[in-house]
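Novice: heads up, no residue letters with this:
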C-alpha cells in the first residue's frame, strides 16, 4: 500500500500559522490538542480524499471537510491529488468562507507551480520544517 501525502498551499500554511499563534497565546495545551486533531485529519483525508463534501460550486475539484472534536470549529478545504491531497485553506467556521470563495479571495489551486531556483529550495525546506514544528508544538 502506498503512503498517501498531504501538502499545504501557501494560504493554508498562513492559516495554520495564524491558528497556532492565536491558540498558543491562550493555552499551549489546547493549541497542541487542536493542531494534533488537524494533523490526524490531514492524514485521514490523504488516505480517503473523497470523503469530504464536493464543493465544485465554489471551485472545480474543491472539497470541504469539518474535522472531529477539538478542531470542529474549523473548515478544511482541499483538493484530491493522485498521491494524497493539497490543503487549500483552513478557516474558522464562523468566518464568511462562502463569501470568500464567491468573491475569489480564497481559491488557490490548481495553478501552475512556479519554478524554484536552487538557492530558494533550501529556504522552502527550512520554512516547511519550521511550519511542521509549529504544527506539532512539541516540547
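Specialist: Good, I have the coordinates. This one's a predicted model, so the numbers in the text were calculated from it and none came from an experiment. Numbers count the residues shown, from 1 in each chain.

Novice: report the helix or strand with the lowest average pLDDT across this protein.
Specialist: Using mean pLDDT, DSSP states H and E, helix 118-136 stands out as the lowest-scoring helix or strand of the chain, at a mean of 45.

Novice: list the contacts of stretch 46-63.
Specialist: For stretch 46-63, contacts defined as Cβ atoms under 8 Å, 6 or more residues apart in numbering pick out 4-6, 44-45, 64-65, 76-81, 84-85, 88, 98, 101-102, 107, 109-110. For glycine as for every other residue, the C-beta is placed from the backbone atoms N, C-alpha and C.

Novice: name the residues of it that are buried.
Specialist: For stretch 46-63, burial by neighbour count (16 or more other Cβ atoms under 10 Å) applies to 46, 49, 52, 55, 58, 59, 62, 63.

Novice: so which of the residues you listed sit within strands?
Specialist: residue 63 (DSSP state E).

Novice: dump the buried residues of stretch 46-63 to JSON lines, plus pLDDT and distance to residue 16.
Specialist: Shown next, in JSON lines, are the buried residues of stretch 46-63 (pLDDT from 0 to 100; distance: Cβ to Cβ, whole Å):
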{"residue": "46", "pLDDT": "95", "distance to residue 16": "15"}
{"residue": "49", "pLDDT": "94", "distance to residue 16": "19"}
{"residue": "52", "pLDDT": "94", "distance to residue 16": "17"}
{"residue": "55", "pLDDT": "91", "distance to residue 16": "20"}
{"residue": "58", "pLDDT": "85", "distance to residue 16": "20"}
{"residue": "59", "pLDDT": "84", "distance to residue 16": "20"}
{"residue": "62", "pLDDT": "91", "distance to residue 16": "18"}
{"residue": "63", "pLDDT": "94", "distance to residue 16": "18"}
